[in-house]
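> Below are the sequence and a predicted model; questions follow.
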Amino acid sequence: MHALAPLQNLGWTLRRAPDARAALRQLQSSPRLPHAVLIDLREGFDARDLEELGPALAAQNAGWIAGVASAQLDDEPARRLIRDYCYDYVTLPCPEAVLHTVIGHAYGMAALACGAGSADVLCSGGVDGMIGESEAIRALCRGLHKAASTDAPVFIAGETGTGKELAAMAVHRQSHRSRNPFIAINCGAIPHNLVQSELFGYERGAFTGAQQRKLGRIEMANGGTLFLDEIGDLPMESQASLLRFLQQGSIERLGGHEQIPVDVRIVSATHHDLDQAIADGRFRADLFHRLCVLRLQQPPLRERGGDIDLIADHALQRYAQETSRGIKGFSPCARQAMHRHPWPGNVRELINRVRQAVVMAEGRYITAADLHIDDAADGVPMTLEEARDLATREAIERALHRNRRRLGESARELGVSRVTLYRLMQRLGMRGGEEEIDDDAVRTA
Ligand SMILES: Nc1ncnc2c1ncn2[C@@H]1O[C@H](COP(=O)(O)OP(=O)(O)OP(=O)(O)O)[C@@H](O)[C@H]1O
Ligand SMILES: [Mg+2]
């Protein structure tokens, strides 16, 4: 206790528990309050001690740190305690700054586990299950909010797994149409010959097998929102019909003769490069301009900084409830690895990795290896030139992001001319600058 006295000056309230039962009593006396527990093993720790500690170690409101003498790291019970139950360990005596830091982290993990300051930090206004606090996600939420207040078609671009469907639902829920249907159709998942009937429906007898009238998705969405997912995969024939509907505001069921007025707000999304599809003649430019009146850009996860921790913590809390394994959090190495990983599958990949780690992890804290993103696995061999390109690309992406993708400001920040930056981006195959996002990620075309 004497050695811990300086911690009191740093604002910690200290309590001493002489044995396992006393520790448990203290943890149970305030079950909703988080505690960091420093367990001093220097006077000896054996298998019986480990067993006695069991109930206290299982308490969700505690983050444990072991204080050891270095030779003790060879003792099996001490090793088991550290590996399976502790957030970290320190070799005692150690500098008070080190103690302060590890205790702070363990306390933070315990706070997460018992709900205080939990990861439920939802994007501006706490809506629609979108977790994030980064500037990128805040800008997106502002864009969503503005888009929701109009009836104009919204086009959502972004890499796979960034949350385009979630954003589409958010637009609907925040709009005046929220009490009416939100109907989604994945244009890439439906066989080409069925897309027309899925979208427009059919009358009885329209073709062999059409035994009764069936409403199409557009009609089903009447009064609400129609989400056209993977719009880039829409066959040419349906592109023409969709364009007609957008121009006329009415549809004709297959085999029908009547024009049926339908009032829907259209939200569409794709992870394909539609500009390229238009250039290749695979997507109609006139349809694109109709669909992309308001454009929202989903930021990739690697550009969302601390959101990675928030989403990972949220997924952990959610999936840990499904198991009885008592997983308490992420180890520091796991957090570092998560911040270095490029997340090609974005939020979906992060959630899936956490989910499988919760099931497969051996200890109480998920490690980088449990997530299968230890640096060794990520460290694909590369030449110096490739490493330089990677670093350059990262620096440019960060600068573009900070400067709302304005090339001039980004170039100034990076200490190069606008032309040099533009050439670098072309050489590295990076997407354009300010023409992508102007006002808070929403652009009126
Ligand atoms: N900000 C977020 N907070 C929490 N969960 C998120 C967030 N963004 C996405 N997710 C989750 O990630 C998963 C993928 O999201 P979604 O299906 O919306 O991505 P997508 O951009 O439509 O992907 P794809 O292009 O592959 O269809 C979903 O489980 C979604 O709930
Ligand atoms: Mg999707």
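Cool, got the structure. Residues are numbered from 1 along each chain as shown. Ligands and ions are numbered 1, 2, ... in the order given.
> what distance separates the strand or helix carrying Ile351 from the centre of its chain?
Element membership for Ile351, per DSSP states H and E: helix 346-360. Helix 346-360 sits 11 Å away from the centroid of its parent chain (Cα atoms, centre = their mean, to the nearest Å).
> Quick one: list the elements packing against it.
In terms of contacts (3 or more Cβ pairs under 8 Å, 6 or more residues apart in numbering; DSSP states H and E), helix 346-360 is packed against helix 307-320, strand 365-366. (Each C-beta comes from the backbone N, C-alpha and C, glycine too.)
> Can you list the neighbours in contact with the last one?
By Cβ atoms under 8 Å, 6 or more residues apart in numbering, the surrounding residues in contact with strand 365-366 are Cys86, Tyr87, Leu316, Ile327, Lys328, Gly329, Phe330, Ser331, Ala334, Val354, Ala357, Val358.
> just how off-centre is it within its chain?
What separates the centre of strand 365-366 from the centre of its chain is 19 Å, taken as Cα atoms, centre = their mean.
> Sheet-wise, list the partners of it with their directions.
strand 329-330 (parallel) (DSSP bridges).
> looking at it, Asp84 is touching Arg364, isn't it?
Yes: Asp84 is within contact range of Arg364, at 5.7 Å (criterion: Cβ atoms under 8 Å).
> okay, those two: which has more neighbours?
More crowded of Asp84 and Arg364, by other Cβ atoms under 10 Å: Arg364, with 21 against 14.
> Look up how far Ala136 lies from that one.
Between Arg364 and Ala136 the computed distance is 32 Å (Cβ to Cβ, to the nearest Å).
> now Tyr422
Distance of Tyr422 to Ala136, computed by Cβ to Cβ: 22 Å.
> ok, these two, which is more surrounded?
Using other Cβ under 10 Å as the criterion, Tyr422 and Ala136 rank with Ala136 on top: 22 against 16.
> Give me the neighbour count for the residue of the chain found nearest ligand 1.
Per Cβ to the nearest ligand atom, Gly163 is where the chain lies closest to ligand 1, at 2.7 Å. Neighbour count of Gly163, defined by other Cβ under 10 Å: 26.
> That one and Ala269: what is the separation?
10 Å.
> Can you list the low-confidence ranges for the stretch 101-250 of the chain?
113-128 (pLDDT under 70).
> Tell me which stretches of it form strands.
154-157, 182-186, 201-202, 214-215, 225-229, 250-251 (DSSP state E, counting those that start in this stretch).
> Any chance of a markdown table for these, columns mean neighbour count and distance to ligand 1?
Below are the strands of the stretch 101-250 of the chain laid out as a markdown table (neighbours: other Cβ atoms under 10 Å; distance: least, Cβ to the nearest ligand atom, whole Å):
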| stretch | mean neighbour count | distance to ligand 1 |
| --- | --- | --- |
| strand 154-157 | 26 | 8 |
| strand 182-186 | 18 | 8 |
| strand 201-202 | 22 | 25 |
| strand 214-215 | 16 | 25 |
| strand 225-229 | 25 | 6 |
| strand 250-251 | 19 | 26 |
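> Take these and write them to JSON lines, including distance to Glu52.
Compiled in JSON lines, the strands of the stretch 101-250 of the chain are given as follows (distance: least, Cβ to Cβ, whole Å):
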{"stretch": "strand 154-157", "distance to Glu52": "56"}
{"stretch": "strand 182-186", "distance to Glu52": "55"}
{"stretch": "strand 201-202", "distance to Glu52": "69"}
{"stretch": "strand 214-215", "distance to Glu52": "66"}
{"stretch": "strand 225-229", "distance to Glu52": "56"}
{"stretch": "strand 250-251", "distance to Glu52": "72"}
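> For Ala277, find the nearest of these.
strand 154-157 (12.2 Å; Cβ to Cβ).
> Mind listing the strands the closest one pairs with, and their directions?
Sheet pairing for strand 154-157, using DSSP bridges, gives strand 265-270 (parallel), strand 294-297 (parallel).
> ranking those strands by burial, who's on top?
strand 265-270 (a mean of 26; mean count of other Cβ atoms under 10 Å).
> just checking, next helix/strand downstream of that one?
Moving toward the C-terminus from strand 265-270, the next helix or strand (DSSP H and E) is helix 274-279.
> So which bits of that next one are buried?
By neighbour count on 16 or more other Cβ atoms under 10 Å, the buried set for helix 274-279 is Leu274, Ala277, Ile278.
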